[in-house]
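*Asks:* My questions concern the predicted model and sequence given below.
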Amino acid sequence: SSQLSSLPLQILFYVNGIYYVFYFLATLAMIVYKSQVFSYPDDFLAPDLAVLFLMAILEVPRLYLGCKGNLMEEEAPLGLSLGVTVGSVVLCVYLLTWQTYVLWADVILNAVLLCAYGLESGLKVMAIAVFVS
């Protein structure tokens with residue numbers, strides 16, 4: 001039997017997991033910084049933090065299902081991971097465009113994350129196609 005799982009996808013899951021820890025800590029630090037330095041409206045601080053923590057909560061099952069689906073060569077967990085990725089992309093776009101203050105560091109961090117999501121999604125679709133055929 002041949003191995004159908006995708007090594008580049010598995011490497012990207014690993015790298016994305018490490019990057020997300022950095023992303024979360026850097027974004028949290030920037031939100032704290034912005035709340036101290038700028039006149040951050042109290043009504044907007046909680047939603048920005050909620051989006052960041054919701055993203056962190058979604059990241060765990062997204063990576064777990066993706067790794068599991070890829071290694072077990074099953075399309076269902078990989079498809080679920082792809083669906084959760086859509087939610088993560090929406091939250092990332094929120095932090096990129098609609099949060100109260102967007103610094104250049106926010107733009108860079110979110111752009112890298114969105115590129116990783118895009119590359120990962122493409123590899124997931126290709127892996128699902130291989131598993132189905």
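*Replies:* Arrived safely.

*Asks:* Low-confidence regions, this protein specifically.
*Replies:* Counting by pLDDT under 70, the ranges of the chain that qualify are 1.

*Asks:* give the contact list for Leu52.
*Replies:* If you count contacts by CB atoms under 8 Å, 6 or more residues apart in numbering, Leu52 has them with Phe24, Thr27, Leu28, Ile31, Leu95. Every residue, glycine included, has its C-beta placed from N, CA and C.

*Asks:* Just give the nearest non-adjacent residue to the third one, would you?
*Replies:* Spatial nearest neighbour of Leu28, chain neighbours left out: Leu52 (6.3 Å); criterion: CB to CB, 6 or more residues apart in numbering.

*Asks:* Please apply the same query to the fourth one.
*Replies:* In space, Ile31 comes closest to Asp48 once its chain neighbours are excluded; the distance is 5.8 Å by CB to CB, 6+ apart.

*Asks:* How many neighbouring residues does that neighbour have?
*Replies:* Burial of Asp48 is recorded as 21 neighbouring residues (other CB atoms under 10 Å).

*Asks:* so which helix or strand takes in it?
*Replies:* Per DSSP states H and E: Asp48 is located in helix 42-71.

*Asks:* Run the chain-centre distance for that helix.
*Replies:* 7 Å (CA atoms, centre = their mean, to the nearest Å).
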